[in-house]
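[1] output the structure for:
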Amino acid sequence: MSDARMQTVGEPQPLEVRGLRLSVQGRVLVEQPSLTFAAGKIHLLLGPSGAGKSLCLKIMAGLLESSPAVQWQAEVSIGPRRAVAGDAGVVFQNFALFDEFSAEQNVRFAMDHRRQRLNHLSATQWLDLFGVPQKTRTTLLSGGQRQRLAIARTMASDRPVVLFDEPTSGLDQANAGRVAAWIRQSQERFGQTAVIVTHDFANLLSIADHVFFLDVGQRQIIELPREEWATIGERLERSPNLQKEPEVIGAAEAGESSGATVAGDAPARLTWGQQASKAVVRFLDGTTEFCSEILRSLFFLLPLWRSPAWGWRFHRQSWGLVMGPANWFYMGIAGLIVGWIATHFTFRFLPFRNYTEPLIIENLLSAIGFASYRILVPIIGTILVAAHCGAAVTADLGGKKLSGQLDALRSFGAEPRRYLQHSVTWAFLLGMPLLVFFAFGVAMLASQVSFQFTHPQHGYPLWRQYFFNRLEQPTSWMYDGTAWTLAKLLCCGWVVGFFSYRFGSQEKYSQRDVSQAVTRTILWSTLAILIIHLVFAFWEFPLPA
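    Here you go, the predicted model:
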């Protein structure tokens with residue numbers, strides 16, 4: 001054991017929770033003056049489904065955010081210091097592994113975000129310890145391998161407290177027993193304080209040092225003496241028949257049942273005037289929060305990574321979503337269509353073409369070039385980037401949120417905004433101008449081909465002379481209005497990045513929520529882009545006095 005202690009997280013630390021109060025949609029689930037989990041021991045937290053066990057675990061981990069549906073207050077301490085998100089390691093029920101990384105990279109991420117590097121195991125040694133293949137992508141691992149990887153990753157993070165959320169959920173008795181053995185072996189070797197939220201007391205009771213029970217009637221978490229452990233099954237049978245866990249509710253916005261049918265008076269029905277007042281307050285609060293979030297997003301343009309190597313890795317992922325090969329092809333097709341249509345139909349449907357075209361052909365070409373560069377391609381291009389790239393980024397972030405990866409980042413002390421919002425915003429700030437200017441380049445070529453196809457007698461020299469007549473400047477290599485165009489594109493890139501992260505990172509309970517987030521991103525980004533172009537139009541092309 002002395003050799004093992006050389007690789008621990010240091011002296012075991014107790015986990016204390018004081019002043020815990022948890023309510024879901026106005027119904028109080030837990031009121032706990034104080035709760036202490038002894039240092040270096042394994043604790044089971046039991047209770048009926050829907051009692052709020054997993055919500056309590058999220059509070060201990062610092063991962064639960066208050067919302068209109070879920071309200072809570074508590075002071076959580078690990079040892080002598082107050083705990084924040086990232087102080088306790090979490091093994092999530094759905095594993096929350098980083099699917100885009102290999103098993104080794106998952107463990108290495110946890111190791112690179114340790115606050116104290118006290119153990120001496122490498123990433124490969126951690127994987128060998130838990131019997132997980134090293135180079136295999138997490139999506140190709142079996143369920144048991146993913147479970148072991150989740151435990152190995154959390155243990156590698158060197159947190160003094162480890163929280164397990166239903167670690168044996170969905171496993172048969174044999175595999176559940178193996179998981180219990182891994183937890184006991186890990187705790188004995190590395191000495192962390194462990195809290196296991198579970199309803200599977202049959203498989204985990206044998207490894208427990210202490211057992212706590214969330215009593216629905218008393219609304220408190222009580223410790224059961226060892227002589228009363230045999231009554232756990234009876235206690236669960238006597239508990240009220242609660243429905244689904246509160247954390248899986250979408251009741252805040254969806255208006256569905258919270259699923260918590262605990263004791264307590266139902267909220268009183270509000271009058272029409274009270275409902276209207278609450279709606280106004282919610283609107284004002286939402287508007288204030290929205291504006292503050294926009295301003296905060298500017299702060300996350302700074303590279304505030306805890307690990308630069310992982311910061312650049314997340315950057316590459318975001319660049320791939322915004323500036324991948326398919327997106328260049330997509331914008332090239334858009335530029336081809338805009339350039340061809342703008343030139344072909346202008347000359348094809350010119351009134352009294354035989355008479356007017358020879359007189360104004362130069363003016364038409366100048367107008368096509370100017371409008372394509374300053375108006376048509378920027379507007380169409382930014383909307384297409386919002387619809388295509390914004391949807392892709394939102395779907396990616398929504399999948400990460402739904403699978404628990406954003407909570408996993410926070411549990412390692414890696415704020416998602418610092419990695420994901422930063423990389424997403426910069427991907428759009430760089431990608432939006434590059435993609436739109438590329439679309440203009442294709443539109444320019446398409447216009448040239450279209451003009452030569454319909455006016456072979458004039459050819460390229462005439463098109464070249466007049467298409468750029470209002471764009472080229474004798475004293476600059478940039479086209480006239482490039483600063484205005486670039487400013488519009490940067491503003492559009494910023495708002496698309498903001499909405500993509502905002503809607504993608506909001507709470508998700510199903511794939512339907514991910515689809516709704518994609519739709520919101522497209523709608524709000526498109527609306528914001530149109531407003532930006534409208535505002536710039538009045539500045540860029542002021543009305544005559």
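[2] switch to C-alpha atoms for all contacts and neighbour counts from now on
    Will do.
[3] so Trp312 sits in a helix?
    Yes: assessed by DSSP: H, G, I helix; E, B strand; the rest coil, Trp312 belongs to a helix.
[4] the longest helix that the chain contains packs against which elements?
    Counting residues, the longest helix in the chain under DSSP state H turns out to be helix 422-454. Applying 3 or more CA pairs under 8 Å, 6 or more residues apart in numbering; DSSP states H and E, one finds that helix 422-454 makes contact with helix 308-323, helix 325-348, helix 377-385, helix 459-467, helix 482-505.
[5] mean confidence score for stretch 170-179?
    The average of the pLDDT scores along stretch 170-179 is 84.
[6] off-centre distance for it?
    Averaged C-alpha coordinates place stretch 170-179 at 31 Å from its chain's average position (CA atoms, centre = their mean, to the nearest Å).
[7] go on, stretch 104-118?
    Distance of stretch 104-118 from its chain centroid, counting by CA atoms, centre = their mean, is 21 Å.
[8] repeat that for stretch 369-388.
    28 Å.
[9] the stretch 101-250 of the chain: helices as residue ranges?
    Remark: helices assigned in the stretch 101-250 of the chain by DSSP state H, counting those that start in this stretch are 103-112, 123-130, 143-156, 173-190, 201-204, 232-238.
[10] what's the closest of those to Gly431?
    helix 103-112 (27.1 Å; CA to CA).
[11] could the helices of the stretch 101-250 of the chain go into TSV alongside mean neighbour count and distance to Phe451?
    Output for the helices of the stretch 101-250 of the chain, formatted as TSV (neighbours: other CA atoms under 10 Å; distance: least, CA to CA, whole Å):
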stretch	mean neighbour count	distance to Phe451
helix 103-112	23	54
helix 123-130	18	62
helix 143-156	24	60
helix 173-190	17	71
helix 201-204	18	77
helix 232-238	13	80
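[12] out of the ones you listed, flag the one nearest Gly413.
    helix 103-112 (9.4 Å).
[13] output the closest one as CSV, nothing but the C-alphas.
    Taking Å, rounded to 0.1, in the frame of the first residue of the first chain, the C-alpha atoms of helix 103-112 are listed here in CSV:
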residue,chain,number,x,y,z
ALA,A,103,-8.8,6.5,-25.8
GLU,A,104,-5.3,7.6,-25.1
GLN,A,105,-6.1,11.2,-26.0
ASN,A,106,-9.1,11.2,-23.6
VAL,A,107,-6.9,10.2,-20.7
ARG,A,108,-4.2,12.6,-21.8
PHE,A,109,-6.7,15.5,-21.8
ALA,A,110,-7.5,14.7,-18.2
MET,A,111,-3.8,14.6,-17.3
ASP,A,112,-3.0,17.9,-19.0
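[14] report all helices and strands that that helix contacts.
    helix 123-130, helix 143-156.
[15] right, so of these, which gets closest to Glu188?
    helix 143-156 (12.1 Å).
[16] that older thread, go through the helices of the stretch 101-250 of the chain and name the closest to Ser423.
    Of all the helices of the stretch 101-250 of the chain, helix 103-112 comes closest under CA to CA, at 17.1 Å.
[17] could I get the helices and strands packed on helix 422-454 in TSV, plus columns for mean neighbour count, mean pLDDT and distance to Asp158?
    Putting those into TSV (neighbours: other CA atoms under 10 Å; pLDDT from 0 to 100; distance: least, CA to CA, whole Å) gives the following:
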stretch	mean neighbour count	mean pLDDT	distance to Asp158
helix 308-323	18	95	19
helix 325-348	18	93	40
helix 377-385	23	97	42
helix 459-467	16	88	64
helix 482-505	23	96	27
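[18] dump the ones you listed into a markdown table; add distance to Ser297 as well.
    Listed next are the helices and strands packed on helix 422-454 as a markdown table, based on distance: least, CA to CA, whole Å:
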| stretch | distance to Ser297 |
| --- | --- |
| helix 308-323 | 16 |
| helix 325-348 | 25 |
| helix 377-385 | 20 |
| helix 459-467 | 40 |
| helix 482-505 | 7 |
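[19] out of those helices, which gets nearest to Lys58?
    Of all those, helix 482-505 comes closest under CA to CA, at 17.3 Å.
[20] downstream of that closest one, the next helix or strand is which one?
    helix 511-540 (DSSP states H and E).
[21] quick one: buried residues of that following helix?
    Under the neighbour-count criterion of 16 or more other CA atoms under 10 Å, helix 511-540 has 513-522, 524-526, 528-530, 532-533, 536-537 buried.
[22] now for the spatially closest residue to Ala152 that is not a sequence neighbour: which residues touch it?
    Distances taken as CA to CA, 6 or more residues apart in numbering place Trp126 nearest to Ala152, at 6.1 Å, with adjacent residues excluded. Counting by CA atoms under 8 Å, 6 or more residues apart in numbering, Trp126 makes contact with 107, 152-153, 156.
[23] so which of these is the closest to Trp319?
    Val107 (24.0 Å).
[24] my read: the closest one touches Ala152, true?
    Yes: counting by CA atoms under 8 Å, Val107 touches Ala152, with 7.0 Å between them.
[25] my guess is Thr343 contacts Val449. True?
    No: the pair Thr343 and Val449 fails to qualify as a contact (CA under 8 Å) at a distance of 9.4 Å.
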